[in-house]
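# Compute the structure for the input listed below.
(3 chains)
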Amino acid sequence: MKPNNSSTAPARPGLHAWLMSERPQSRRQAALGRAYGAWCTFSRNRLAMLGLLIVIALVLMAVFADLLAPYSPYIGDLRTTRLLSPSAAHWFGTDDQGRDIASRIIFGSRITLYVVLLVAVLAAPIGLLVGTVAGYAGGWLDAVLMRITDIFLAFPRLILALAFVAALGPGIGNAVIAIAITSWPPYARIARAETLTIRQTDFIAAVQLIGASPWRIVLRHIMPLCVSSVIVRVTLDMAGIILTAAGLGFLGLGAQPPMPEWGALIANGRLYVLDQWWVAAAPGAAIFLVSLAFNLLGDGLRDALDPKAAK
Amino acid sequence: MAISRFLLAIALTYLGLLAVTFFIGRVIPIDPVLAIVGDHAPEHVIARVREEMGLNKPLWQQFWIYLSKVVHGDFGTSVLTSNPVLQDIQRAFPATIELATLGILIGAGLGVPLGVWAAVRRGGLVDQAVRVMGLIGYSVPIFWLGLMGLVLFYAKLGWISGPGRIDISYEYTLTRVSGFVLLDAARAGQWDAFANALSHLILPASLLGYFSLAYISRMTRSFMLNELAQEYVVAARAKGLSEMRIIWRHALRNAAVPLVTVVTLSYAGLLEGSVLTETVFAWPGLGLYITNSLQNADMNAVLGGTIVVGSVFIGLNLLSDLLYQLLDPRTRSR
Amino acid sequence: MKEKHLKVWFIKSAAALAVATAFGLPLALQAATPKDTLVVAWSIDDMITMDPGETFEISTGEIMGNSYDRLIRFDVNDPSKLVGDLAKSWAVSSDGKTYTFELKPGLKFASGNPLSAEDVVFSLQRAVLLDKAPAFILTQFGFTKDNVKDKIKQTGPLTLSLETDKSYAPSFVYNCLTANVAAIIDKKLVLSKEVNGDLGYAWLKTNYAGSGPLKLREWRANEIVALERNDNYYGEKSKLARVIYRHVKEAATQRLLLEKGDADIARNLSPQDLAALASNKDIKSTSTPKGTVYYFGLNQKNPNLAKPEVREAMKWLVDYAAIGDTLIKNIGVVHQNFLPIGLLGASTVNPYKLDVDKAKALLAKAGLPNGFKVTLDMRTVQPVQGISEAFQQTAKRAGIEIEILPGDGKQTLTKYRARTHDIYVGQWGADYWDPHTNADTFVRNPDNSDSAKSKPLAWRNAWDIPELTKKADAAVLERDAKKRKTMYEEMQADFRKSSPFVMLYQQTEVAAMRSDVQGLKLGPTSDTTYMFKVSK
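Prediction:
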């Protein structure tokens, strides 16, 4: 990895050289060096940086929602502020209960973030675990686990999520669980494919010779290597997860009122779309922007972390 | 021997699918009897109907009864429509197929050339456009786009027909034979009905087509770039072959192998996209059927729909694997 | 040179697409419905059967009202007046228990079979024998599977008699005979399709055996219902050759269809749509108060909600006026009684309005000065959703924290019937046009235990009311119409004060239609909207 001199002028030449050294002295140095290299590649990609910025903006919006939102997202006046068109006072207008849409979108970012994080935290580890165990163990365990994975893959994600939410009851928590349940199979597949390749390698053979238990091998050696591809896939999936959550909200199965979940906002606005189109347009644009950001971010990550992916 | 293991795997997947769906159905906190008798019915009627439907038997017994019927081709009766589920699905499924097929034709028909162009003129305008279209396709909620499209092209501009498959005036003059309105109209030579059906189809199909186009064009571009970077291309150029020949007869041919997989999988993905599209456009297809049945706890219908959709998915996945093996000579030496 | 080929390919395919669209364009524009066909855009996914002895849904009710005849109907313009449909005359004996009917001569079914008293007797007996959901409308007069063959008898080729177990108010009995369950079915046709002695039940689910002005041609579930003119009808024939109901779930889609002329009538438009269409010269609308009331039910099993002060406080926490002016404008009127206007004895007294201070005072009296937490089961449909959310906001001002639990209609209903809710937002439509239909459910609770044989709304909210139950029972036996009216007025006054029901509004059914549609009058019940009187 050659030191990059163009866009990232190293503030501390010493640190940069240390990170990019071809002979790392410790494990930590190697890991940090890899991360730094990936960051360099990533930061050169302008669109990916844009995606990152939007995601950071989303996080900031969620954290500082109280300060940013001009009005309360829950209180509106039926008589005076109902379905007003966009204006200086209400940037995106008001909805059918008289609530300011801009504020609702700002607070809704919390729900979006909540969904995205929770699904990632639930689905990715499960998928990773199932995939690596199946890939490493082989035999009947592999067959059983893959069969289970296939069952979930043999079904359109939305319909399966629909079925689960219908069974569990509507609500944002159940929607998250439903989406997570339907999201982990692709990660398992990826992890398994990677494991199959990795387990043939010499260093795994070496660790086996030392006498490490299978669990230790899987957890400490194989999994870390699969993590990056899973992360890339998860990030690329985020958009899909957001869209699925919005779809569930649209069908009335997501967050419960008065929570300003973006998909539910669109469903609400659908009733007025012919005359007060802004009620549906603004949350739709928000979903679009955030999904786009995750897509750009995921593309950038893939290019940075996985050199095999041709540009 | 490999075939029997293969079939066993499929059978197990099916069984698992059915078990999961059945379990979900019985766990759903909706009383299916309500959908039949309504809220005003007296208690003894409700109790009687519940008994008639076999809902008082233990869960595993209900599942076993259901399985044995399915094996004989009896998917049960829909509690909502009073028709055999198979009959309902036979009516709903072609509508989704018609939509998805037209969608994939648009998606692949436009997507492949666009992808090739983007790869050939890398960094050019088309390349950027493909990139942007792809990103938009992955990021925009399909139901929102459909809604806006309907408002724009139907309500404001009047360029296309509204929701539904065909106008009322053709409803009774067109004999439905195959379940595919376009085919029936063409076969009967009723070109005005054909045009009308097309104008109903065009927006939802374009919507689905756009989403598959986003995916297919990106994949084509990616595969073509891969191929064009290979050594044989350099060699062919050195030999003096024309660019067109290289692109179409050699590079694309090689890229076609994974591309076929992509198109097949995209087709499967359209079936999923149809759920929301059918809701927006009131398209009487399978997606709408399953969603409706789910919201009424019409479990026979949901299970029947599950089997059909699951079969299509499994089938398409198999097909793509098979095609990959057939088309790629490298995989033949096993 | 390489791009040229691609470019050509593109231009060709774009052209093809354009041609295809252009081809469809002029034909798409001539999308108006045929002159002799009426197209109605309506949400009809509640239909599950076409058998009048089984059907109980709103949409099917209208189909039945247009395609099947009965002994008597009531005058749509004055529901207290009865009009003979198939019956020429009717009378009740002096002891009040025997009713006799004489049919008009020369009647025929759509199939061509003659219509006689035999068919009438068969139809009524069949409804009781099948004992489906709506059968109680007849069986409440003492008919059972064992005795119905004796109690409902044919006394001549065109005459029949009915014997009830008690001497009910005659208006009550006649009103019940106007319901769909008392529709007259073609005995010969139905029995010829009988399987295993099911009285033609399996066949009639998806078929037709009636004598009404429109006959059922086809029913494709969740898609379309097609009716055709019946030329064998005894009265004024339908002006239109066909009436087609298209299932369209979304109000916005219905509106689009209506504006474009792809539909003649749209039935589920929202207040916004109606307001927006008011300025459209091609569209007009008509409306009628419907026998359906909306309410919040407070489960008395919840100790907080069981306190009488809390019950009353809730009634002061709804902003009826604002809701009436915005969320239900044109589609409902604020109504705080359990009898919808139009029924005998219905009260128009609406004493409650939004008064947060009064509610707070009442809560303090109940020992809950800081409010309390409670859940609300809500169906995710408008305007119910909007009203629930508005209520959530106003209740918060008195310290009551409402957590909304959204659900699909069937889901929340299942919970409601199991009495596991706190607050439920519901609606009740009249089953037949007599005050007992609502009294039976709101103020009658004969058995409040968990294993009760009947589950009226009062039971579902665990409201134990032995006194009111007795009053309701007495009102149904009161033969003097004036006295009966007073009894219902008293019940409503009592109900307004003490019930766990926060009555919200009465539905106004609105239909928007193209300006060339004439003669549409919406009826107060589902089966009194007569499409056969409509012309274009």
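
# In the stretch 51-200 of chain C, where is pLDDT below threshold?
Within the stretch 51-200 of chain C, no range satisfies pLDDT under 70.

# Pick out the residue in it sitting closest to chain B.
Nearest residue of the stretch 51-200 of chain C to chain B: C:A133, at 3.4 Å (CB to the nearest CB). The C-beta positions use only the backbone N, C-alpha and C, and glycine is treated the same way.

# how many other residues sit next to that residue?
25 (other CB atoms under 10 Å in any protein chain shown).

# any idea how far C:I185 is from it?
For C:A133, the distance to C:I185 equals 17 Å [CB to CB, to the nearest Å].

# go on, A:G138?
Using CB to CB, A:G138 is found at 67 Å from C:I185.

# More neighbours: the two, which one.
C:I185 (27 against 13).

# what secondary structure does that one sit in?
coil (DSSP: H, G, I helix; E, B strand; the rest coil).

# low-confidence ranges in chain B?
Scanning chain B for pLDDT under 70 picks out B:1-2, B:25, B:29, B:172, B:297, B:328-334.

# Nearest the geometric middle of it, what residue?
Of all residues in chain B, the one closest to the mean position by CA atoms, centre = their mean is B:L271, 2.0 Å from it.

# For that residue, list the residues it contacts.
A:156, B:96, B:100, B:286-287, B:309, B:312-313 (CB atoms under 8 Å, 6 or more residues apart in numbering or on different chains).

# Same check on A:Y114?
Neighbours of A:Y114 in contact, by CB under 8 Å, 6+ apart: A:172, A:176.

# go on, B:W191?
B:A185.

# on that earlier part again, quick check: the residue nearest to the residue of the stretch 51-200 of chain C closest to chain B when sequence neighbours are not counted vs chain A, distance?
Sequence neighbours aside, B:A41 is the residue nearest to C:A133 in space, at 3.4 Å (criterion: CB to CB, 6 or more residues apart in numbering or on different chains). Going from B:A41 to chain A by CB to the nearest CB, to the nearest Å gives 23 Å.

# what pairs with the lengthiest strand in chain C, and is each one parallel or antiparallel?
Longest strand in chain C by number of residues (criterion: DSSP state E): strand C:283-298. If you go by DSSP bridges, strand C:283-298 pairs up with strand C:423-429 (antiparallel), strand C:501-514 (antiparallel).

# got these as a markdown table, with mean neighbour count columns?
What follows is the strands paired with strand C:283-298, written out as a markdown table (neighbours: other CB atoms under 10 Å in any protein chain shown):
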| stretch | mean neighbour count |
| --- | --- |
| strand C:423-429 | 22 |
| strand C:501-514 | 23 |
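
# if we compare the ones you listed, which one ends up closest to C:T55?
Across those, C:T55 has its closest neighbour in strand C:423-429 (13.7 Å, CB to CB).

# what sits against the residue nearest the centre of chain C?
In chain C, the centroid-proximal residue (CA atoms, centre = their mean) is C:I58; its distance is 4.4 Å. C:I58 makes contacts with C:46, C:429, C:526, as judged by CB under 8 Å, 6+ apart.

# Any figure for the gap between the second one and C:I265?
Note on C:G429: its distance to C:I265, by CB to CB, is 20 Å.

# Please apply the same query to A:L19.
From A:L19 to C:I265 the distance is 73 Å (CB to CB).

# Could you pull out the strands in the stretch 201-350 of chain C for me?
Here the stretch 201-350 of chain C has its strands, by DSSP state E, counting those that start in this stretch, at C:214-220, C:224-229, C:242-247, C:265-266, C:283-298, C:332-334.

# quick one: the last one near chain A?
No - applying CB under 8 Å from any CB of the partner chain, one finds strand C:332-334 out of contact with chain A, separated by at least 13.4 Å.

# Report the buried residues of stretch C:48-64.
For stretch C:48-64, the neighbour count (16 or more other CB atoms under 10 Å in any protein chain shown) marks C:48-64 as buried.

# where in the chain is pLDDT low?
Assuming you mean chain A. In chain A (pLDDT under 70), the answer is A:1-13, A:156, A:169, A:252, A:306-311.

# hm, I was asking about chain C
Those would be C:1-32, if you go by pLDDT under 70 across chain C.

# Near chain A, which residues of it? Just list them.
Near chain A, when you scan chain C using CB under 8 Å from any CB, you find C:250-252, C:255-256, C:270, C:272-273, C:276, C:319, C:322-323, C:325-327, C:378, C:380, C:382, C:385-386, C:388-390, C:392-393, C:403-408, C:411.
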